[in-house]
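# Predicted model and sequence follow; I will ask about them next.
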Amino acid sequence: MIIRAIYWVLSWVCAPFVFVHLIVRGILDGSYRERRLERFGFAPRDVPHGSIWFHAVSAGEVNAAVPLIHLLRETTPGLRVLVTTTTPAGSAEVSRRLKDIVAHCYAPYDLPWAVGLFLKRVRPSALLLVETELWPHLVRKTAKREIPVYLINARLSQKSARGYARLRGLTAATLASLSGIACQYEDSADRFRRLRVPDDRIHVTGNVKWDAGHSAPLSDSIRQNFEQLRKNNDTVWIAGSTHPGEEEVALQAHREIQQVLGNVALVLAPRHVDRSMEVMELCRRSGLQARGFDEPTDDTDVIVVNQMGYLAQLFAFAKVAFIGGSLQGTGGHNPIEAAVHGVPVVMGPDQHNFEEICRRFRERDCLAEVRDAGELSRAVIELVKNADEWNRQSKGLLDLVASNQGALTLLHALVQEWLGSDSKSQTSS
C-alpha cells in the first residue's frame, strides 16, 4: 500500500520533468517532436470508440502483434482496432505494416491524469498489452472502467520477476487488474504464479514470433543490390540489432575475418537507424568502406542498414548472423528472424530477453556464444570454413522453427474466447 502511494505521488511530482525530458529528447531526435500531446493523453478525435486496443512498445512488439491483428480482422469483419506505441520506430512500423486498417497514436505516459484523459477520449472495449508492458496506472485505470485488460505473448524473465517481487505491493495491484495472461512459455507462467496471479488466468500459448514470418518484401532494386553483394563476395555475414559498443566489436571482428577469409562483406544493422551516420563514421575510422543498404554494393566492406523494417529479410543473404543487444546489458534481440532462413546464430552472453528461445537453440547446439571481437571472428570463421557444421546448424534451426510454430493459432483462439461477445458488439454496424 505504501509503495502504491509513493508511486502515485511520484507520478504527479515527475510530470514536469517528463515534459522537459520529452523536449530535450526532441532536440536530440526530431521524431520525438512529433505528436507530443498524444503522450499526455490527447488521443486524436478520430480514433473510433469501442476499438480493441493493442499496446505495443516498439517495432518488435508491433511485428508480434501484426499477424494476430490480421487474423482477428479476418474472422471478425468490421472489427475496429487501435494500436498504440511508445517509440517512433514502433509508430513507423505500424504505419508501414498496418497502414490504414487500424487507428494509431502514441500511448499516454503512465501519469494518472494522462491515462484518464486518454481513456475518456478513446473509450476502448478491451486492452491487449503485448509482451511486458505492465504500467500500474495504465492497467489499473483501464480495469477500473470495466475494460478488460489482457497480457499477450507475455514473457517474464528471472530478472524482471525479481524486480516485480521487490515491489510486491505495487505489482500485486497491477497484476490483479489483469483479466488474463497468455504466456510464451511455462517458465514465464510459473513466475507469474509466484507473483500470485491466479492459475485460471494464466495460459501458455507459445511465442508468436515463431509464426510472425518476414517483414515487408524488399524492393527489386534492394534485392538486386544484395544479390550482387553475395556474388561479389565469397562470404556475407550480418550483425543485426546492434547497440553502441557492439558496432566496434563487429568491425574489429570483420577486419580479422577478412584477414583469414579474404573477400568478405559485413551487413551492419544498428538497432536504432537514426545512428546509421554514426555507424558509417565508425566504419570510416576503422579503415573500412561503408555504404547505405540501398546504394550500389561494388567494392564495399560494410553495408549499413539505414532504414527500418528490412532486417528480417536481409538475414537471407547472410552466411552467419550475430544478434546484437547481447554484449552490453540490453538482454539480446530476437534470433528467430535469422533462424527462419536457416542462418547460424552467434550471440553474446546477455540473452535474458529471449532466454527460453535461446535455451532451445542451445539444446540443438545451434547457438555460439561470444564475449569479444576475437571470439566473434573465430565463431564466424569456423562456421564459414566448416561446411558440414554449417549445414548441421542450418538444418537444425529450420527444424526448430517448424517444431515451434502454431502459437498464433492458439493465441487467436484464446483472444477470441476472451473478447467473446464484446468483439461482436463493438463492430461497425
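Cool, got the structure.
# Please name every helix or strand in contact with the strand or helix carrying residue 170.
Per DSSP states H and E: residue 170 is located in helix 168-176. Helix 168-176 is packed against helix 2-13, helix 136-144, with contacts defined by 3 or more Cβ pairs under 8 Å, 6 or more residues apart in numbering; DSSP states H and E. In this view, the C-beta of every residue, glycine as well, is placed from N, C-alpha and C.
# tell me which residues of the last one are tucked away?
By neighbour count, and taking 16 or more other Cβ atoms under 10 Å as the criterion, the buried residues in helix 136-144 are 136-143.
# picking up where we left off before, and the angle from the helix holding residue 170 to helix 2-13?
With axes from the mean of the first three to the mean of the last three Cα atoms, to 10 degrees defining the directions, helix 168-176 sits at 80 degrees from helix 2-13.
# and helix 168-176, average pLDDT?
Averaged across helix 168-176, pLDDT comes to 89.
# Residues contacting it, please?
Contacting residues not belonging to helix 168-176 are listed as 1-4, 7, 134-136, 139-140, 164-165, 192, 195-197 [Cβ atoms under 8 Å, 6 or more residues apart in numbering].
# now, which of the residues you listed sits nearest residue 394?
residue 192 (35.2 Å; Cβ to Cβ).
# Read off the pLDDT value for the closest one.
pLDDT at residue 192 comes out at 96.
# ditto for the one 4 residues further on
We have a pLDDT of 94 for residue 196.
# still on that earlier bit, and the contacts of helix 168-176, which two are furthest apart?
Farthest pair in the contacts of helix 168-176, by Cβ to Cβ: 2 and 192, 23.5 Å.
# gap between the residue nearest in space to the middle of the chain and residue 344?
Taking Cα atoms, centre = their mean as the criterion, residue 60 is the residue nearest the geometric centre of the chain, at 2.0 Å. The gap separating residue 60 from residue 344 is 22 Å, by Cβ to Cβ, to the nearest Å.
# Residue 128 in helix, strand or coil?
Classification of residue 128 using DSSP: H, G, I helix; E, B strand; the rest coil returns strand.
# who are the neighbours in contact with it?
The contact partners of residue 128, by Cβ under 8 Å, 6+ apart, come to 52-55, 65, 150-152, 415.
# re earlier: contacts for the helix or strand following the helix holding residue 170?
Going down the chain from helix 168-176, the next helix or strand is strand 180-183, by DSSP H and E. With contact meaning Cβ under 8 Å, 6+ apart, strand 180-183 is reached by 148, 150-156, 189, 192, 197, 201-205, 411, 414-415, 418.
# Sheet-wise, list the partners of strand 180-183 with their directions.
The strands that strand 180-183 pairs with in its sheet are strand 149-154 (parallel), strand 202-204 (parallel) (by DSSP bridges).
# Check what contacts the helix or strand encompassing residue 73 and list those residues.
Assigned by DSSP H and E, residue 73 falls within helix 59-75. Helix 59-75 has contacts (Cβ under 8 Å, 6+ apart) with 52, 54, 56, 79, 81, 83, 85, 87, 89-90, 92-94, 97-98, 101-102, 128, 130-131, 133, 152-153, 208-209, 211-213, 215, 308-309, 312, 333-334, 408, 411-412, 415-416, 423.
# In PyMOL, how would I select the buried members of those?
A single PyMOL command is used to select the members of the contacts of helix 59-75 judged buried by 16+ other Cβ under 10 Å:
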select buried, resi 52+54+56+79+81+83+85+87+89+90+92+93+94+97+98+102+128+130+131+133+152+153+208+209+211+212+215+308+309+312+333+334+408+411+412+415+423
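# Looking at the contacts of helix 59-75, which are in helices?
Among the contacts of helix 59-75, the members falling in helices (DSSP state H) are 89-90, 92-94, 97, 312, 408, 411-412, 415-416, 423.
# Among residue 2 and residue 192, which residue is more densely surrounded?
Neighbours were counted for residue 2 and for residue 192 using other Cβ atoms under 10 Å; residue 192 has more, 22 against 8.
# isn't that one right up against residue 203?
No. Assessed by Cβ atoms under 8 Å, residue 192 is found out of contact with residue 203, at 10.5 Å.
# before we move on, the earlier item: of the contacts of residue 128, which is the nearest to residue 219?
Distance to residue 219, by Cβ to Cβ, is smallest for residue 65 among these, at 24.7 Å.
# Could you export the helices and strands packed on helix 168-176 to CSV, including columns for distance to residue 272 and mean pLDDT?
Formatted as CSV, the helices and strands packed on helix 168-176 follow (distance: least, Cβ to Cβ, whole Å; pLDDT from 0 to 100):
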stretch, distance to residue 272, mean pLDDT
helix 2-13, 28, 72
helix 136-144, 24, 96
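# need those in CSV with distance to residue 282, can you?
Formatted as CSV, those follow (distance: least, Cβ to Cβ, whole Å):
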stretch, distance to residue 282
helix 2-13, 38
helix 136-144, 38
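# where does the stretch 101-250 of the chain dip in pLDDT?
Scanning the stretch 101-250 of the chain for pLDDT under 70 picks out 212-216.
# Could you list the low-pLDDT ranges of the stretch 301-429 of the chain?
421-429.
# And the helices in it, which stretches?
Ranges of helices in the stretch 301-429 of the chain, per DSSP state H, counting those that start in this stretch, are 311-314, 336-339, 355-363, 373-385, 387-404, 407-425.
# winner for burial among those?
Mean neighbour count (mean count of other Cβ atoms under 10 Å) peaks for helix 336-339 among the helices of the stretch 301-429 of the chain, with a mean of 26.
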